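Engineer: Sequence plus the predicted model coming up.
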Amino acid sequence: MELQDDYPPVGETSIDDPQRFILELVGLAIASILIWGIFRYITKDVFDSSVSVSFSISYALVAPIVFIGPIMFYWYQYRNEECLPVRLFAYNSLKETFSQKFIVSIIVIGLSLTFANYILELILDYIVLSSGLYGDIDFFFTWMDEFDSFFVFLIFMVTNIAVVATVEEFFFRGFIQDQLSRVLQAWQSMLISAAIFALTHLPIAIFVYEIESVWLITSLINWFGFGLAAGYVYHITRNIWVVIAWHGIWNVTVSTVGYSAWVYDAPSQGLEQFIWTSQTILIYALLLLAIYFTRDYIKEFGSFGNKSSAPKTIEVKL
């Protein structure tokens with residue numbers, strides 16, 4: 001897979017040693033992961049939950065420092081670059097980028113990908129649960145189950161779309177994946193970025209939420225699968241705002257509309273682990289296939305390159 005020439009990764013300073021450059025990027029990611037993991041661990045008893053107002057505000061304040069801060073320092077002080085570390089605008093133009101058509105397009109793509117992902121999970125979860133392995137089940141949906149009020153939900157929604165999704169996509173796709181693709185093939189940069197994205201959640205899953213056994217494995221596959229799918233969409237569109245919209249809408253959706261089941265039996269631990277691991281892999285395999293077969297539409301409506309010609313004037317010079 002080749003990157004589109006119209007919007008190559010940013011950066012003008014030459015890369016003399018590709019292996020060192022890769023190690024620098026991975027080291028930067030690991031440092032941010034460790035700092036964020038330590039922050040989440042020492043504050044795990046401070047916040048009521050991950051959807052509380054206090055947590056949303058703390059994330060909005062701390063996450064940009066932990067993830068964006070090291071990028072900026074590395075980019076400007078170490079690499080001596082002059083442009084932004086993440087490509088934000090088509091033709092370096094704020095006005096030409098954020099047209100009404102552009103905003104509607106990224107929202108529609110984000111909603112469509114969220115719907116496809118959610119439906120796949122719902123169908124396959126229900127198939128497993130109703131297969132007889134868990135005996136009789138009582139399956140039910142929940143709506144805003146974790147939120148105490150609409151105000152809390154509103155704060156959560158704004159924070160997730162404006163900060164959580166933006167910071168994480170800037171870091172993992174807009175910077176790590178893009179910069180790796182300067183010295184690696186696109187599929188390699190996507191795999192590494194997705195792996196780092198998954199590993200970022202691992203310390204928190206173990207030490208904060210204390211997820212164990214099969215659920216830890218399936219959670220890792222989920223995070224890796226989402227990171228890989230987001231990386232592929234970014235590769236297709238070369239537009240960071242598409243994956244930000246999808247990431248934000250997805251976070252809000254799965255925290256708002258949930259489903260659970262009361263079960264009265266359970267298979268052996270080994271069989272259960274095999275079933276749910278296979279099911280999770282299947283979900284993201286199908287999602288990636290769906291993205292692949294609709295790639296032309298995603299590119300047409302979501303790509304920076306969907307404009308017929310560059311503007312005569314440049315409003316924002318990066």
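Structural biologist: Alright, I've got the coordinates. This is a predicted model, so every value here is computed, not measured.
Engineer: alpha carbons only for contacts and neighbour counts from here, please
Structural biologist: Noted.
Engineer: Quick check: which ranges of the stretch 1-150 of the chain have low pLDDT?
Structural biologist: Scanning the stretch 1-150 of the chain for pLDDT under 70 picks out 1-5.
Engineer: I'd like to know how far the closest residue to residue 142 other than its chain neighbours sits from residue 181.
Structural biologist: Residue nearest to residue 142 in three dimensions, not counting chain neighbours: residue 258, with 4.9 Å by Cα to Cα, 6 or more residues apart in numbering. Distance of residue 258 to residue 181, given as Cα to Cα, to the nearest Å: 36 Å.
Engineer: The two: which is more packed in?
Structural biologist: residue 181 (21 against 16; other Cα atoms under 10 Å).
Engineer: which ones are touching that one?
Structural biologist: If a contact means Cα atoms under 8 Å, 6 or more residues apart in numbering, then residue 181 has 9, 188, 189 as its contacts.
Engineer: 7 Å - rerun?
Structural biologist: residue 189 (Cα atoms under 7 Å, 6 or more residues apart in numbering).
Engineer: Which parts of stretch 148-159 count as buried, going by neighbours?
Structural biologist: Neighbour-count burial for stretch 148-159, counted by 16 or more other Cα atoms under 10 Å, picks out 152, 153, 155, 156, 157, 159.
Engineer: Can you name the helix or strand that the first one falls in?
Structural biologist: Translated: residue 152. helix 150-159 (DSSP states H and E).
Engineer: quick one: secondary structure of residue 140?
Structural biologist: The three-state assignment at residue 140 reads strand, by DSSP: H, G, I helix; E, B strand; the rest coil.
Engineer: and it, how far is that from residue 263?
Structural biologist: For residue 140 relative to residue 263 (Cα to Cα), the value is 12 Å.
Engineer: Who has more neighbours out of the two?
Structural biologist: The neighbour comparison of residue 140 against residue 263 (other Cα under 10 Å) goes to residue 263, with 15 against 10.
Engineer: From residue 126, how far off is the spatially closest residue to the more buried one that is not a sequence neighbour?
Structural biologist: The shortest distance from residue 263 to any non-neighbouring residue, by Cα to Cα, 6+ apart, is to residue 137 (4.8 Å). Distance, residue 137 to residue 126, by Cα to Cα: 10 Å.
Engineer: what does residue 36 give?
Structural biologist: Taking Cα to Cα, one finds residue 36 at 35 Å from residue 126.
Engineer: Which residue of these two possesses the greater neighbour count?
Structural biologist: The neighbour count for residue 36 versus residue 126, taken as other Cα under 10 Å, is higher for residue 36 (20 against 16).
Engineer: Looks to me like the more buried one is in a strand.
Structural biologist: No - Residue 36: not assigned to a strand; according to three-state DSSP it is helix.
Engineer: Would you state the strands of the stretch 101-250 of the chain in chain order?
Structural biologist: In the stretch 101-250 of the chain, the strands defined using DSSP state E, counting those that start in this stretch lie at 137-143.
Engineer: if we can go back for a sec, which strands and helices sit next to the helix holding residue 152?
Structural biologist: Using 3 or more Cα pairs under 7 Å, 6 or more residues apart in numbering; DSSP states H and E, the elements in contact with helix 150-159 are helix 53-63.
Engineer: Just the C-alphas of the helix it packs on, formatted as PDB.
Structural biologist: Extracted C-alpha coordinates of helix 53-63, given in PDB (Å, rounded to 0.1, in the frame of the first residue of the first chain):
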ATOM      1  CA  VAL A  53     -17.200  15.100  35.400                       C
ATOM      2  CA  SER A  54     -14.000  15.200  37.500                       C
ATOM      3  CA  PHE A  55     -12.400  12.500  35.300                       C
ATOM      4  CA  SER A  56     -13.400  14.200  32.100                       C
ATOM      5  CA  ILE A  57     -11.900  17.500  33.300                       C
ATOM      6  CA  SER A  58      -8.700  15.900  34.500                       C
ATOM      7  CA  TYR A  59      -8.300  14.000  31.100                       C
ATOM      8  CA  ALA A  60      -8.900  17.300  29.200                       C
ATOM      9  CA  LEU A  61      -6.100  18.900  31.300                       C
ATOM     10  CA  VAL A  62      -3.600  16.100  31.600                       C
ATOM     11  CA  ALA A  63      -3.800  14.000  28.400                       C
END
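Engineer: so how far is that helix off the chain centroid?
Structural biologist: Distance, stretch centre to chain centre, for helix 53-63: 18 Å (Cα atoms, centre = their mean, to the nearest Å).
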